[in-house]
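[1] okay, here's the prediction I keep looking at, along with the sequence it came from:
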Amino acid sequence: MADKVNIGTIAKMAGISTASVSGFINGAETIPLSQARRERIMEAMRAANYRPSAASSSLRRNGVLPGKAVFIYGNHPLANPFDICKHPMLGELISILAAELRTQLGLALEVRAVADEDSAPSWNETIADAEALICYGKLDVSLFDLSTRRNIPLALISDNTEIQTRNLSCPLPPLDCVQWDAASHLEKLLSHVTAKGAKRLAFVSSCCVKANDPRFSAAEAEAKIAEFNSFVASGDRLSGELFNPPLIGRDSSPYYEARNVYNLLRGVDLARFDAVIGHNDLVALGVVWAMAERGLKPGRDILVGGEGDYVECRDAVPGVTTVSYDKAFLAGHVRDILKRRLADNRPQGARFFAPSYLIARESTERA
């Protein structure tokens, strides 16, 4: 019965013309619908569990393709999907998510970019055949609006305690979200090194900060800077110095950040610090390279920490202390949100906070 539901069925259930339902679903109304009529269409789609992905649904019925879950990197929705998958933290998370969704929900995960983030038709083209959506980071109003119009279940992943949005002028509607807190990761690292006696602290930030270019600043990077300044100000006889690597041309190598930080710190007297903390593990690796050039050893001369538990850095010598959220926990709860909403696509405003843990390695061991 569910396979026979179409736009005509939804129009009949909602008591609205087929043309109006089609225009609403595709965000192409010639005359804006009233809120009451919008609600009637959305409720009819939810009641029938209908998503207008005709081509995909037809192929699924014939056993050709699995359903598609589309992953959008909300912080940089124009970014090349291949580069997103190369990002150490995102790449591992996407891999875990893909396995969970395929085995548990029968959905194939695809990472996609939008051609024009200011164009609703471009967003529509990007998500039109999706049966489920995952947005990591900032949520664009067009993505949210079209996911609602097309009755596509949406799970949000936030790297901040506050959900970040783009172009959303009204109060935040109910969203089902799994969160982790970047600032708390830095606090864990700073507490770890100060417990070992470190007083003179340095933090090497991401290059994606307002000080370099507000257009490319990341909320989690700014949150870490604020946390570092707050931690130093509240500590007993602590001193702190912030380093912002430059925002320069990138390549697709995951070691871009490490090289960038290494070049920045080559002219810095690192011996004046007890501990240097990096924005992530690759930043910390750049710190280690700069130290090695001066004959300084992590753990013996300076304590060094990063974040993310990056696969690329786990076997570094010496091992770098890191903090990471539980990626399996996060992926599992995204799966559960989508499983519930695939059956009944009514958001509950659910919030799940992924636990984080510190992994102490050689770089913060005192000889």
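    Now that the structure is in, tell me what you want to look at. Numbering: from 1, shown residues only.
[2] can you give me the strands in the stretch 51-200 of the chain?
    67-73, 107-112, 132-136, 139-140, 154-158, 165-166, 177-179, 200-204 (DSSP state E, counting those that start in this stretch).
[3] check those for me: which has the lowest mean pLDDT.
    Across the strands of the stretch 51-200 of the chain, strand 165-166 has the smallest mean pLDDT, namely a mean of 90.
[4] which strands and helices lie in contact with it?
    strand 139-140, helix 141-149 (3 or more C-beta pairs under 8 Å, 6 or more residues apart in numbering; DSSP states H and E). Where you see a C-beta, it was placed from the backbone N, CA and C, and this is true even at glycine.
[5] partner strands of that strand and their direction?
    strand 139-140 (parallel) (DSSP bridges).
[6] can you list the strands of the stretch 51-200 of the chain in JSON lines and add mean neighbour count and distance to residue 123?
    JSON lines is the format used below for the strands of the stretch 51-200 of the chain (neighbours: other C-beta atoms under 10 Å; distance: least, C-beta to C-beta, whole Å):
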{"stretch": "strand 67-73", "mean neighbour count": "25", "distance to residue 123": "9"}
{"stretch": "strand 107-112", "mean neighbour count": "18", "distance to residue 123": "10"}
{"stretch": "strand 132-136", "mean neighbour count": "26", "distance to residue 123": "11"}
{"stretch": "strand 139-140", "mean neighbour count": "22", "distance to residue 123": "7"}
{"stretch": "strand 154-158", "mean neighbour count": "25", "distance to residue 123": "13"}
{"stretch": "strand 165-166", "mean neighbour count": "18", "distance to residue 123": "11"}
{"stretch": "strand 177-179", "mean neighbour count": "22", "distance to residue 123": "20"}
{"stretch": "strand 200-204", "mean neighbour count": "23", "distance to residue 123": "35"}
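[7] among the ones you listed, which is nearest residue 37?
    Minimum separation from residue 37 across those (C-beta to C-beta) falls at strand 154-158, 22.0 Å.
[8] other SSEs contacting that closest one?
    Here strand 154-158 touches strand 132-136, strand 177-179, helix 327-343, going by 3+ C-beta pairs under 8 Å, 6+ apart.
[9] so which of these gets nearest residue 287?
    Nearest of the helices and strands packed on strand 154-158 (C-beta to C-beta): helix 327-343, 24.0 Å.
[10] in CSV: the strands of the stretch 51-200 of the chain, plus distance to residue 293.
    As requested, these are arranged in CSV below (distance: least, C-beta to C-beta, whole Å):
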stretch, distance to residue 293
strand 67-73, 34
strand 107-112, 37
strand 132-136, 36
strand 139-140, 42
strand 154-158, 38
strand 165-166, 41
strand 177-179, 39
strand 200-204, 16
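[11] for residue 220, which of those strands is the nearest?
    Across those, residue 220 has its closest neighbour in strand 154-158 (9.2 Å, C-beta to C-beta).
[12] got the angle for the closest one vs helix 327-343?
    Put simply, strand 154-158 runs at 160 degrees to helix 327-343, going by axes from the mean of the first three to the mean of the last three C-alpha atoms, to 10 degrees.
[13] what comes into contact with strand 154-158?
    When contacts are defined by C-beta atoms under 8 Å, 6 or more residues apart in numbering, strand 154-158 is touched by residues 132-137, 139, 144, 147, 163-164, 175-180, 330, 334, 337-338, 341, 347.
[14] what do you get if the cut-off is 6 Å, keeping everything else the same?
    Identification of contacts with strand 154-158 by C-beta atoms under 6 Å, 6 or more residues apart in numbering yields 133-136, 139, 147, 175-179, 334, 337-338.
[15] looking at the helices and strands packed on strand 165-166, which is closest to residue 289?
    Among the helices and strands packed on strand 165-166, strand 139-140 sits nearest to residue 289 (C-beta to C-beta), with 36.6 Å.
[16] leaving out sequence neighbours, find the closest residue to the residue nearest the centre of the chain.
    By C-alpha atoms, centre = their mean, the chain has its centre lying nearest to residue 136, at 3.2 Å. With sequence-adjacent residues excluded and distances taken as C-beta to C-beta, 6 or more residues apart in numbering, residue 136 is closest to residue 157, at 4.5 Å.
[17] who does that neighbour form a beta bridge with?
    residue 136, residue 178.
[18] distance check, residue 179 against residue 156.
    Counting by C-beta to C-beta, to the nearest Å, the separation of residue 179 from residue 156 is 9 Å.
[19] ditto for residue 4
    Taken as C-beta to C-beta, the span from residue 4 to residue 156 is 32 Å.
[20] and stretch 25-42, end to end?
    This stretch, stretch 25-42, spans 9 Å end to end (C-alpha to C-alpha, to the nearest Å).
[21] what residues does that stretch touch?
    Here stretch 25-42 makes contact (C-beta under 6 Å, 6+ apart) with 14, 16, 21, 23-24, 52, 120, 146, 149-150.
[22] of all those, which two lie farthest apart?
    Largest pairwise distance in the contacts of stretch 25-42, by C-beta to C-beta, is 21.8 Å, between 14 and 120.
[23] what residues of stretch 287-307 count as buried?
    For stretch 287-307, the neighbour count (16 or more other C-beta atoms under 10 Å) marks 287-291, 296, 298-299, 301-307 as buried.
[24] and which of those is nearest to residue 362?
    Using C-beta to C-beta, the buried residues of stretch 287-307 come closest to residue 362 at residue 299, 5.1 Å.
[25] might one say that that closest one is in contact with residue 362?
    Yes. Using C-beta atoms under 6 Å, residue 299 is in contact with residue 362, at 5.1 Å.
[26] no further questions, thank you.
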